[in-house]
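Engineer: Fold the stuff below for me.
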Amino acid sequence: MATLTLDMPDDVFSALRRSPDEFARELRLAAAMLWYQQGRISQEKAAGIAGLDRVDFLMALAREKVPAFHVDIDELRRELDRG
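Structural biologist: Reported below is the predicted structural model:
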């Protein structure tokens, strides 16, 4: 596993009322949610980035009101027409 080091102003942690470890966990989750929502990564990969299993990642998406599934209307219509 790679290690990433970020330089953050000290007041970020007090402003957010988070420890550096809590901040890092939230940052990983936020990035995973964003990239998943953009369709850049799968649920499984996003859960891994967030340090969660898929069920916990889906629950986190629900808490933040981020859609858990992406539906393309045209693709859905094609599926329905085939059935």
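Engineer: Check the average confidence over stretch 37-56, would you?
Structural biologist: Mean per-residue pLDDT for stretch 37-56: 96.
Engineer: Now do that stretch: distance from first to last residue.
Structural biologist: End-to-end span of stretch 37-56 (CA to CA, to the nearest Å): 16 Å.
Engineer: go on, stretch 36-44?
Structural biologist: For stretch 36-44, the first-to-last residue distance is 10 Å (CA to CA).
Engineer: Enumerate every residue touching residue 43.
Structural biologist: Going by CB atoms under 8 Å, 6 or more residues apart in numbering, residue 43 touches 36, 54, 57-58, 68. No exception for glycine: its C-beta is placed from N, CA and C like everyone else's.
Engineer: Just the buried residues of stretch 26-39, please?
Structural biologist: For stretch 26-39, a neighbour-count test (16 or more other CB atoms under 10 Å) marks 28-29, 32-33, 36-37 as buried.
Engineer: Just give me the longest helix of the protein.
Structural biologist: For the chain, the longest helix by residue count, based on DSSP state H, is helix 20-37.
Engineer: can I get the CA coordinates of the lowest-mean-pLDDT helix or strand in the chain in PDB?
Structural biologist: Least confident helix or strand, the chain: helix 73-82 with a mean of 84, by mean pLDDT, DSSP states H and E. Presented in PDB, the C-alpha positions along helix 73-82 are these (Å, rounded to 0.1, in the frame of the first residue of the first chain):
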ATOM      1  CA  ILE A  73     -32.400   5.900 -18.800                       C
ATOM      2  CA  ASP A  74     -31.700   4.900 -22.400                       C
ATOM      3  CA  GLU A  75     -30.000   1.700 -21.300                       C
ATOM      4  CA  LEU A  76     -32.900   1.000 -19.000                       C
ATOM      5  CA  ARG A  77     -35.400   1.500 -21.900                       C
ATOM      6  CA  ARG A  78     -33.400  -0.900 -24.000                       C
ATOM      7  CA  GLU A  79     -33.400  -3.500 -21.300                       C
ATOM      8  CA  LEU A  80     -37.200  -3.100 -20.800                       C
ATOM      9  CA  ASP A  81     -37.800  -3.400 -24.600                       C
ATOM     10  CA  ARG A  82     -35.800  -6.700 -24.700                       C
END
